[in-house]
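Student: Provide a 3D model corresponding to the input given below.
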Amino acid sequence: MKSPMRSAAGSSPPARGSVQLAPADDERRTLLAAFAASTLLPFAGCSSKPASPWESFKLGTSADLRAVWFADALNGWVGGGSFNVVGGLVGRTRDGGKTWRFASNIVGDGGTRGGLLVSGLRFFGPDRGVATTGGAGVYVTTDGGENWGRARIAGGTDFMSDLMFLGDSPGWAAGDNGIWRTIDQGSEWSKIAPVGGQPRVGGRTVHFVNESVGWLAGPNGMLRRSNDGGSTWEQVTLPLPASDRPAFHDVHFVDERHGWVVGGDGTMFATRDGGASWLASDTGVKDARSAAKLETVQRAGKVDVIDAGDRTPGLTLSTIHFVNPSTGWLAGYYPNHGRSLILHTRDGGATWRVEFEVAGEDIHALHVQGSNAIWAVGSRTREGAQSIYRRSLAAVAN
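Tutor: Below you'll find the predicted structure:
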């Protein structure tokens, strides 16, 4: 570096009043600048954890919630119940989740006990909707949930845990001991399986990709396929270890080829060929699978490591939804630990990242409302008011 005390040939002399540094001062300035750069650059290169794209809205209830549906950006409903609520509970918003109004005992005169849950919801607009319940059948409203009437059901009912429609019709409901179908937006239902001498069939979650092909999943690693609209079902063999029999909580197809089934202990399988083959998929969450809690015991001068029978909680994957074959969300919770995760993928589930962690909540349901937002609800495991969680899809690429 050229010293300021020297002038190159033809250069002008220093201006009057300017300060000229001696070589030692110049070197000191260079060292200070280098120190400042080395001190500040690490901080400049470390960005803070990005803010979660999820926001929460307080609800005027402490009930457990198992279902959520939005007919449009403003009109939405949640369903659930608790041991302190007789006959189930449905909440309604008309302003996009900012405020809610709740009505209990949707089963009317049949509501004699607490603990009854509204397990599934489907609305066809701001007025007409259908709700399944755990133990009291199916109910229909034509005034946005202000009043409910019991649907006509042929073949008897039991605990109905899931509900889905292809557009406005037809629709299916799944329960512990059967499958029901409707063709009039839920006013009348017929039990289509099992009938006659058919073996018992039932499940926790049901999904049809068209009027013929459907999927049913439930306890003990059970996944079944129907090719005739739900009248008959065949068992699907999954590549599970012999000792693994996870309970499946959700099955979802984004189109006729791409589907996923999820359940306990971080278990997830995916298909890209319409169910002809299924491959195990990993969430990437390190403690998703339950593991033995090992204990050390000193005996006879040595230390033994033993399995006393206790286990860490596994991640129960409760619900999954994709908006296209690449982009989806997955929710799960750690039983009895009051902690839920919502994960996001942009590569069809090949990799996942935790997008939102919810304390004091077991997330049970996700709902995607068009291209506007995705909503999540669950059961509260903490003190205080219940909440609903929302993520805008306006910037889904983020």
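
Student: count of neighbours near residue 311?
Tutor: The local packing of residue 311 (other C-beta atoms under 10 Å) involves 13 other residues. (Glycine included, C-beta is placed from N, CA and C.)

Student: swap in residue 52?
Tutor: When neighbours are defined as other C-beta under 10 Å, residue 52 has 15 of them.

Student: likewise residue 188?
Tutor: Residue 188 sits with 16 neighbouring residues when counted by other C-beta under 10 Å.

Student: tell me which residues touch it, please.
Tutor: Residue 188 is in contact with 151-154, 182, counting by C-beta atoms under 8 Å, 6 or more residues apart in numbering.

Student: can you select the buried ones among those residues for me in ChimeraX?
Tutor: Applying 16 or more other C-beta atoms under 10 Å to these leaves a buried subset, and the ChimeraX line that selects it is:
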select :151,153,182
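
Student: got JSON lines for the contacts of residue 188, with secondary structure too?
Tutor: JSON lines is the format used below for those (DSSP: H, G, I helix; E, B strand; the rest coil):
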{"residue": "151", "secondary structure": "coil"}
{"residue": "152", "secondary structure": "strand"}
{"residue": "153", "secondary structure": "strand"}
{"residue": "154", "secondary structure": "strand"}
{"residue": "182", "secondary structure": "strand"}
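
Student: by pLDDT, give me the weakest of the contacts of residue 188.
Tutor: Comparing pLDDT over these, residue 154 scores lowest. The value there is 85.

Student: now that one: closest residue in space, sequence neighbours ignored.
Tutor: In space, residue 154 comes closest to residue 190 once its chain neighbours are excluded; the distance is 4.8 Å by C-beta to C-beta, 6 or more residues apart in numbering.

Student: what sits up against the helix or strand where residue 367 lies?
Tutor: Secondary-structure element containing residue 367, defined by DSSP states H and E: strand 361-369. Applying C-beta under 8 Å, 6+ apart, the contact partners of strand 361-369 are 65-73, 76, 318-321, 323, 329, 331-333, 335, 338, 340, 342, 374-382, 387, 389, 393.

Student: what's the answer for stretch 281-300, then?
Tutor: Here stretch 281-300 makes contact (C-beta under 8 Å, 6+ apart) with 260, 265-266, 268-270, 303-308, 310-315, 317, 330, 332, 341, 343, 349-354.

Student: buried ones among those?
Tutor: Using 16+ other C-beta under 10 Å as the burial test, the contacts of stretch 281-300 include 260, 265-266, 268-270, 314-315, 317, 330, 332, 341, 343, 349, 352 as buried.

Student: hmm, back to that, tabulate the contacts of residue 188 (TSV), appending distance to residue 58.
Tutor: Output for those, formatted as TSV (distance: C-beta to C-beta, whole Å):
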residue	distance to residue 58
151	32
152	38
153	36
154	42
182	35
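
Student: quick check: what element follows the strand holding residue 367 along the chain?
Tutor: Per DSSP H and E, the first helix or strand lying C-terminal to strand 361-369 is strand 373-380.

Student: what's that next one packed up against?
Tutor: Under the contact criterion of 3 or more C-beta pairs under 8 Å, 6 or more residues apart in numbering; DSSP states H and E, strand 373-380 touches strand 64-70, strand 76-81, strand 328-334, strand 361-369, strand 387-392.

Student: list the buried ones in stretch 317-330?
Tutor: Under the neighbour-count criterion of 16+ other C-beta under 10 Å, stretch 317-330 has 317-322, 327-330 buried.

Student: quick one: end-to-end distance for it.
Tutor: Start-to-end span of stretch 317-330 (C-alpha to C-alpha, to the nearest Å) is 7 Å.

Student: where does the stretch 51-200 of the chain have low pLDDT?
Tutor: Per-residue confidence of the stretch 51-200 of the chain (counting by pLDDT under 70) places the weak regions at 110-113, 158.

Student: for it, what spans make up the helices?
Tutor: Listed in chain order, the helices found in the stretch 51-200 of the chain under DSSP state H, counting those that start in this stretch amount to none.

Student: so of the contacts of stretch 281-300, which ones are in strands?
Tutor: Filtering these for membership in strands, criterion DSSP state E, returns 260, 268-270, 303-308, 310-311, 317, 330, 332, 341, 343, 353-354.

Student: neighbours of residue 262, how many?
Tutor: The number of residues packed around residue 262, counting by other C-beta under 10 Å, is 27.

Student: give the contact list for the residue nearest to residue 154.
Tutor: Listed by C-beta under 8 Å, 6+ apart, the contact set of residue 190 reads 153-155, 180-182.

Student: could I get these as CSV with distance to residue 290?
Tutor: Compiled in CSV, the contacts of residue 190 are given as follows (distance: C-beta to C-beta, whole Å):
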residue, distance to residue 290
153, 38
154, 42
155, 38
180, 34
181, 37
182, 39
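
Student: first to last residue in stretch 276-285, what's the distance?
Tutor: Taking C-alpha to C-alpha, stretch 276-285 runs 27 Å from one end to the other.
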